[in-house]
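Predicted coordinates and the sequence they were generated for:
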Amino acid sequence: MPGDRGGTPQEDGADASAQRHDGLLAVRAGEGDEEAFEELMRRHAPALLRLATRLLGSRTEAEDAVQESFVSAWRKLPEFRRDARFSTWIHRIVTNRCLNVLRSRRPSVDLEGVPEPQAPEHEASPSRVAESHAAVADLSRAMAGLSPEQRVCWVLRELNGLAYETIAESVGISPEAVRGRVFRARRYLTEAMAAWR
Amino acid sequence: MTEQLASGELTEAVGRAVLATAGVAFLRPGLAQLVRASRTMARVRPGGAASGGPSYASGVRVTRDAGNWHAEVHVVLRRGHRAVDVTRAVRAAVTEAVRRAAGTADDPRVTVTVTGLV
Amino acid sequence: MAVNEGTGPGEGYGAVGGGDAALDRAEREPLPCGRELWSVWERHETGEPDPHSDGCPHCTEALTSLRRLEDVVSTARDAEPAEAEPDASALVGRVMDVVRLELRPGRTLPLGEDDEDAWIVEAAAARVVRAAAETLPGVRAGSCRIEGVPGQGPGAASGQAVPRGPVVIRLAVEVALTWGLQEVADRVRRRVLEAAESELGMRVVAVDVTIADIIDEREERP
């Protein structure tokens, strides 16, 4: 088959063609083509898993969230509009699913009880690993104090590097509201981390 | 109007006959399996655990109305076999199975639906 | 600096879709020098030069704390790429287990002759049709709808079923630039008719082929 199978969906160069191939696969999946859906998942699952892991701070919960998002996407695909971007659509589903998980988790949040992220397996000097591990641990502890809405906007902005407009589209609020949330999150994090150092 | 569901034995006999037909991969999963699968899905880790083995009852429904038997069969076929040839073989096998199990010489009505190809 | 009231757990937002108001003046947080924390950070983010803040101790402090956060964030990000592409194959497999078990409501099409009681769901037949089209190099199949011909054949056996009789196939394809459009449409039609006969045994009166797009990224020629 001709096309763009080699490129990852994230690559800007292959973006237009990847998007078009996504569109074709989404139409087929909407008509009940299971293999097309499987390929869509293979193309998007790694990035979505990374996103959900960042949003939830837990790989296990992220797997569940992404898995449930795909099942609901399969059920909703027959109504998927051809002109919409599959990638935007599935990102929105996963983001909202994670937001709901964060919300349901809220009342029991215990800052000390937040699991630390696994030590990154990185080929770097031991001191650098220790230093970065400590920073990551501090940050993830501080992030637990953000509201679910702030956390989602902040992660999409700072860890995923998305534009405010893109986040707005993904979360379903105005870009101004996203800016407000990211600002509040930054202010909270700077203060929380200053207090611990 | 007075449609009766056939006994488990008859339904099983039909299911076995269908599964023994060349080109049939499996019977369509029944609703009970679907519900169970979607309920446990989130926690089922090992791949394939939810799909389970063939269940005779799942894709077969046999009823009797005013003395006439009607078998409805839902099957997933293997690719590489011509679908209509397999449905004809399924029909023959089911007809034979109903006759033998119900002890009748009459031809039952047999509806075969292909729900997938693997 | 102001305390962080209203920024953390106590903050009451509505649903994701609900509008939350933009920041009011207090939240933009005026600094003792008259600037707002909000705009100082905003300028830093957009990279706009700001001569005032370079010499202002309040603005400098505000920027230092933001930079410290940025450093930690970039360290955290650097620490992450050990798993740049998380392995999602197990997850995909689990979802497919569910997908394969689910029944999609859809049309049921007649298989074989008019007096037979054999049927095939549209998605399964469409799969054979698409695969047949894609045996041609530089052809990708998209939407495939298969319908009965109105007014033909004896009545439908059940609710979702198309009346018995031959069907019409409507297939959209994307083709490589190198194909002549008429030629490729004819060849797709022929392959589809062959497959409908040899793999399914489904009677087809017409195959409508629509060229939905031209793929121009690679030279590909039979």
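Arrived safely, thanks for sending. Numbers count the residues shown, from 1 in each chain, chains lettered A, B, ... in the order given.

Got the confidence number for the residue most central in space within chain A?
Centre of chain A computed as the mean C-alpha position; nearest residue by Cα atoms, centre = their mean is residue A:51, 2.4 Å away. Here the pLDDT value assigned to residue A:51 is 93.

Wait, a helix at it?
Yes: under DSSP: H, G, I helix; E, B strand; the rest coil, residue A:51 sits within a helix.

Give the full set of residues in contact with it.
A:91, A:94-95, A:98, A:155-156, A:160 (Cβ atoms under 8 Å, 6 or more residues apart in numbering or on different chains). Every residue, glycine included, has its C-beta placed from N, CA and C.

and those as JSON lines, adding pLDDT?
JSON lines is the format used below for those (pLDDT from 0 to 100):
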{"residue": "A:91", "pLDDT": "93"}
{"residue": "A:94", "pLDDT": "96"}
{"residue": "A:95", "pLDDT": "96"}
{"residue": "A:98", "pLDDT": "96"}
{"residue": "A:155", "pLDDT": "94"}
{"residue": "A:156", "pLDDT": "95"}
{"residue": "A:160", "pLDDT": "89"}
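
Among these, which one lies nearest to residue A:105?
Proximity of those to residue A:105 (Cβ to Cβ) peaks at residue A:98, which lies at 10.4 Å.

Contact partners for that closest one?
Per Cβ under 8 Å, 6+ apart, neighbours of residue A:98: A:51-52, A:55-56, A:62, A:65, A:152.

try 7 Å this time
A:52, A:55-56, A:65, A:152 (Cβ atoms under 7 Å, 6 or more residues apart in numbering or on different chains).

can you pull out the helices in chain A?
A:15-30, A:34-56, A:59-76, A:86-105, A:126-143, A:148-154, A:164-171, A:175-196 (DSSP state H).

Show me the shaky parts of chain C.
C:1-22, C:80-84, C:151-161, C:217-222 (pLDDT under 70).

all helices for it, in order.
C:25-28, C:37-46, C:51-55, C:57-79, C:89-101, C:122-133, C:181-195.

Pull out the buried positions in the first one.
Neighbour counts over helix C:25-28 (16 or more other Cβ atoms under 10 Å in any protein chain shown) mark C:27-28 as buried.

do that helix and chain A meet?
No: applying Cβ under 7 Å from any Cβ of the partner chain, one finds helix C:25-28 out of contact with chain A, separated by at least 7.5 Å.

Single out the most deeply packed of the helices of chain C.
Among the helices of chain C, ranked by average contacts under mean count of other Cβ atoms under 10 Å in any protein chain shown, first place goes to helix C:122-133 (a mean of 23).

Skipping adjacent residues, who's closest to residue C:126 in space?
Excluding its sequence neighbours, the residue lying closest to residue C:126 (Cβ to Cβ, 6 or more residues apart in numbering or on different chains) is residue C:144, at 4.0 Å.

That neighbour and residue C:109: what is the separation?
For residue C:144, the distance to residue C:109 equals 12 Å [Cβ to Cβ, to the nearest Å].

returning to what we had before: by mean pLDDT, show me the worst of the helices of chain A.
Among the helices of chain A, helix A:126-143 scores lowest, at a mean of 75.

Is the nearest residue to residue B:4 once chain neighbours are set aside in a helix, a strand, or coil?
Of all residues not flanking residue B:4 in the chain, residue B:64 sits nearest, at 4.9 Å (Cβ to Cβ, 6+ apart). Assigned by three-state DSSP, the conformation of residue B:64 is strand.

quick revisit: let me know which of the helices of chain A is the nearest to residue C:55.
helix A:175-196 (21.6 Å).

how about the closest one: buried residues?
Result for helix A:175-196 [16+ other Cβ under 10 Å]: buried residues A:177-193.

so how many other residues sit close to residue A:15?
Neighbours of residue A:15 under the rule other Cβ atoms under 10 Å in any protein chain shown: 14.

Looking at chain C, which residue is nearest chain B?
residue C:201 (2.6 Å; Cβ to the nearest Cβ).

which ones are touching that residue?
B:82-85, C:111-112.

now do residue A:32
With contact set as Cβ under 7 Å, 6+ apart, residue A:32 has these partners: C:104, C:106, C:123.

Could you double-check that the first one sits in contact with residue C:123?
Yes: counting by Cβ atoms under 7 Å, residue C:104 does reach residue C:123; the two are 6.3 Å apart.

Which single residue in chain C comes nearest to chain A?
For chain C, Cβ to the nearest Cβ, closest residue to chain A: residue C:123, 3.0 Å.

Could you find the closest non-adjacent residue to that residue?
residue A:32 (3.0 Å).

Now the residue nearest the centre of chain C. Nearest residue, chain neighbours left out?
Chain C has residue C:142 as the residue nearest its centroid, 13.7 Å off, counting by Cα atoms, centre = their mean. Spatially, and ignoring its direct neighbours in sequence, residue C:142 is nearest to residue C:172 (4.2 Å; Cβ to Cβ, 6+ apart).

Return the subset of the contacts of residue C:201 lying in strands.
With strands taken from DSSP state E, the overlap with the contacts of residue C:201 comprises residue C:111.
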